[in-house]
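[1] Here is the input, now give the coordinates:
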Amino acid sequence: MSFRALVLSQGADRKVAGAIETIEDARLPAGDVTVAVEYSTLNYKDGLVLTSGGGLVKTWPHVGGIDFAGTVEASDHPGFRPGDKVVLNGWRVGELHWGGYATRARVKGDWLVKLPPSISTRHAMAIGTAGYTSMLCVMALQKHGVRPESGEVLVTGASGGVGSIAVAILAQLGYLVVAATGRPQEINYLESLGAATILDRKELTEAPDRPLLSERYAGLVDTVSGVMFARALAQVKYGGAAAVCGLAGGASFPGSILPFILRGITVYGIDSVMLPKAPREDAWRRLAADLPLDKLDSTVHEAGLSDLMALALRILKGEVRGRVVIDVNK
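    Here you go, the predicted model:
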């Protein structure tokens, strides 16, 4: 048997080229579950893999795609059987292990999660790692004790994949959401997701001139880091919390230890890649319950495997709104 995939190769100049090829099943990597992939998606990390490898890919040729959803075709794993609808996020799939930009994938069953009945494979990829990470951020704030009555919650990078779904989930749960964006054309879009206030990103792009600014936010979902995180952190209320999951603004930030000491602020680092299975399943159960799928649909546009190379450049430039669902059969 054979399958169709976007196969990536890296040249001497370290630039990545991609071509859609038909591949024999014998080339699939090791694993105990084979999945007929129906949909994948596009994340910032996928953009890195598709353009330069991003230091994430060690062996070429390669099949990217850190997310996929589909139907189990064959299984030697006790937890899965043919016909099961499943989703995969992370586990270095699409980096060290061939991923979802193909019509078939073979992985370890321990990496898979059965989809809740109310979430289709297409919706699963409209959610993707971005939405799953958003849910983990919300769960962290709630575990800390941030409630709707606690006050405003700021979401940075609100027009992006993680940010837009975080806005929708928080608004559905009754929080007052402040959505920070540098795209004024997205105001109506963010308001339709439930944002109560739109904040111009420019207000967060200068490093704070003192370690503590006026208290405003009960919670923070930061998808950017860098200067934006430093300035937002300086405005979190006493006893508040920040859930941090993104690096688009860089891995360092010009901040101070004082918010942690003088305001008792807690920062939760959100890892979605190597998270154990039980909290993954919890997050997907919560997504089924708390994410309004009608609002999710407004964040999505669909593309095929042949569109990915061009889309990769756009997501790295911050030009992709919301979520991109990849129909791997197109």
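
[2] which SS state does A283 fall under?
    For A283, the reduced secondary structure class is helix; criterion used: DSSP: H, G, I helix; E, B strand; the rest coil.

[3] pretty sure G131 is in a helix, no?
    Yes - the assignment for G131, made by three-state DSSP, places it in a helix.

[4] Surely it touches L287?
    Yes - G131 sits in contact with L287 when judged by CB atoms under 8 Å, with a separation of 6.4 Å. Backbone N, C-alpha and C define where each C-beta goes, glycine included.

[5] between the two, which one's more packed in?
    Set side by side, G131 and L287 show unequal neighbour counts under other CB atoms under 10 Å, the larger going to G131 at 30 against 25.

[6] quick one: the more buried one from W91, how far?
    Between G131 and W91 the computed distance is 17 Å (CB to CB, to the nearest Å).

[7] Let me see the contact set for the most centrally placed residue in the chain.
    Centre of the chain computed as the mean C-alpha position; nearest residue by CA atoms, centre = their mean is A130, 1.8 Å away. A130 sits next to T41, N43, G160, G161, V162, I165, R323 when contact means CB atoms under 8 Å, 6 or more residues apart in numbering.

[8] and if you look at L115?
    Shown here is L115, whose contacts under the criterion CB under 8 Å, 6+ apart are A69, K85, V86, V87, T121, A124, W284.

[9] quick one, phi/psi of the residue nearest to the third one when sequence neighbours are not counted?
    In space, not counting the residues next to it along the chain, V86 is nearest to L112; the distance is 4.5 Å by CB to CB, 6 or more residues apart in numbering. Reported as degrees, to the nearest 10, the phi and psi values for L112 are phi -90, psi 150.

[10] thought L112 was touching N89?
    No - using CB under 8 Å, L112 makes no contact with N89, being 9.7 Å away.

[11] Compare these two (neighbour count), which wins?
    Legend: neighbour count by other CB under 10 Å for L112 and N89, higher for N89 (30 against 27).

[12] Could you measure from the spatially closest residue to that one that is not a sequence neighbour over to K295?
    Once its chain neighbours are removed from consideration, N89 has its nearest residue in T129; the separation is 4.6 Å (CB to CB, 6+ apart). T129 is 19 Å from K295, where distance means CB to CB.

[13] ok, those two, which is more surrounded?
    For the pair T129 and K295, the greater number of neighbours falls to T129 (25 against 18), based on other CB under 10 Å.

[14] Can you tell me how far that one is from L293?
    Plainly put, T129 is 18 Å away from L293 if you go by CB to CB.

[15] neighbours around S306, how many?
    Using other CB under 10 Å, the number of residues around S306 comes to 12.

[16] How about the secondary structure of it?
    Three-state call for S306 (three-state DSSP): helix.

[17] Report pLDDT for it.
    Confidence per residue is given as pLDDT, and for S306 that number is 97.

[18] Report the beta-bridge partner residues of the closest residue to it other than its chain neighbours.
    Leaving aside its sequence neighbours, S306 sits nearest to I20 (CB to CB, 6+ apart; 6.3 Å). Beta bridges link I20 to L6, judged by DSSP bridges.

[19] pretty sure I20 contacts D307?
    No - with contact taken as CB under 8 Å, I20 and D307 are classed as non-touching, separated by 10.9 Å.

[20] can you give me the strands in the stretch 51-200 of the chain?
    Taking DSSP state E, counting those that start in this stretch as the criterion, the stretch 51-200 of the chain carries its strands at 67-75, 85-89, 104-107, 112-114, 153-155, 177-181, 197-200.

[21] ok, now which ones touch I119?
    The neighbourhood of I119, defined by CB under 8 Å, 6+ apart, consists of I127, W284, L287, A288.

[22] how near is the last one to P259?
    A288 sits 35 Å away from P259, taking CB to CB as the criterion.
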